[in-house]
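Participant: need a 3D model of the following:
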Amino acid sequence: PPDNSAKAIKSYQENIPSATKLSLGKVKDIMSSPVIKIFQEQTLETAWNLMLEHDIHHLIILNDTFQYCGLLSEKLITPYLMHYAKSQLKKNGPKELPLKYFCDQNLLSTHPETELHDLGVAMMEYGLVAIAVSENSKVIGIVTKSDVLKIILKHQKFEELA
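Facilitator: Residues are numbered from 1 along each chain as shown. Modelled structure (predicted):
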């Protein structure tokens with residue numbers, strides 16, 4: 001259950017010796033900003049074209065009041081497109097499917113001042129490939145699992161050279 005996972009992460013963070021906790025910086029140091037956003041009433045085809053145009057793998061979905069309501073990724077899109085191609089369904093094809101289909105009521109986001117180590121632990125615990133960065137209820141950036149991994153690998157290489 002999510003409550004137990006959050007408790008486990010908090011307990012880990014409180015009990016880890018400070019000397020072993022990696023100092024990797026803060027979310028604001030690596031987040032991608034500005035974020036490409038799209039509205040939930042737009043279609044999957046529009047989203048895919050926008051991702052191709054900007055050479056990105058994630059899009060923030062906003063509702064009609066400009067509030068964050070979903071995070072679209074290639075990981076989410078691919079199974080849908082594969083099923084659509086296999087069945088050749090005419091109903092709810094990429095041209096007609098609104099992005100609200102991909103919106104989630106239980107969205108997670110992080111703050112720009114969050115420690116990257118803590119974010120990495122949370123992303124692994126929840127199986128996140130990306131997370132929105134928000135401040136004052138507004139999405140201002142995005143961090144992907146590969147962004148965090150790059151920082152960890154750079155830190156490891158620096159430690160080996162020191």
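Participant: ranges for the strands of the chain?
Facilitator: Secondary structure of the chain by DSSP state E: the strands cover 37-39, 58-62, 68-73, 109-110, 130-135, 138-144.
Participant: for the chain, what's the longest helix?
Facilitator: Across the chain, the longest stretch assigned as helix under DSSP state H is helix 145-161.
Participant: quick one: mean pLDDT for it?
Facilitator: The predicted model assigns helix 145-161 a mean pLDDT of 77.
Participant: distance from the chain centre to it, please.
Facilitator: How far helix 145-161 lies from its chain's middle: 19 Å, per C-alpha atoms, centre = their mean, to the nearest Å.
Participant: which ones are touching the residue nearest the centre of the chain?
Facilitator: Nearest to the geometric centre of the chain sits A130, at 2.0 Å (C-alpha atoms, centre = their mean). A130 makes contact with H57, H58, L71, S73, I142, V143, T144, K145 under the criterion C-beta atoms under 8 Å, 6 or more residues apart in numbering. C-beta coordinates here come from the backbone N, C-alpha and C atoms, glycine included.
Participant: ok, these vs D104, which is closest?
Facilitator: L71 (7.6 Å; C-beta to C-beta).
Participant: G25 versus the closest one, what's the distance?
Facilitator: 22 Å (C-beta to C-beta, to the nearest Å).
Participant: comparing those two, which shows the higher neighbour count?
Facilitator: More neighbours surround L71 than the other of L71 and G25, with 23 against 13 (other C-beta atoms under 10 Å).
Participant: got a list of contacts for stretch 58-72?
Facilitator: Contacts of stretch 58-72 (C-beta under 8 Å, 6+ apart): 35-41, 47, 50-51, 73-74, 99-100, 102-104, 107, 109, 129-132, 134, 137, 139, 142, 144.
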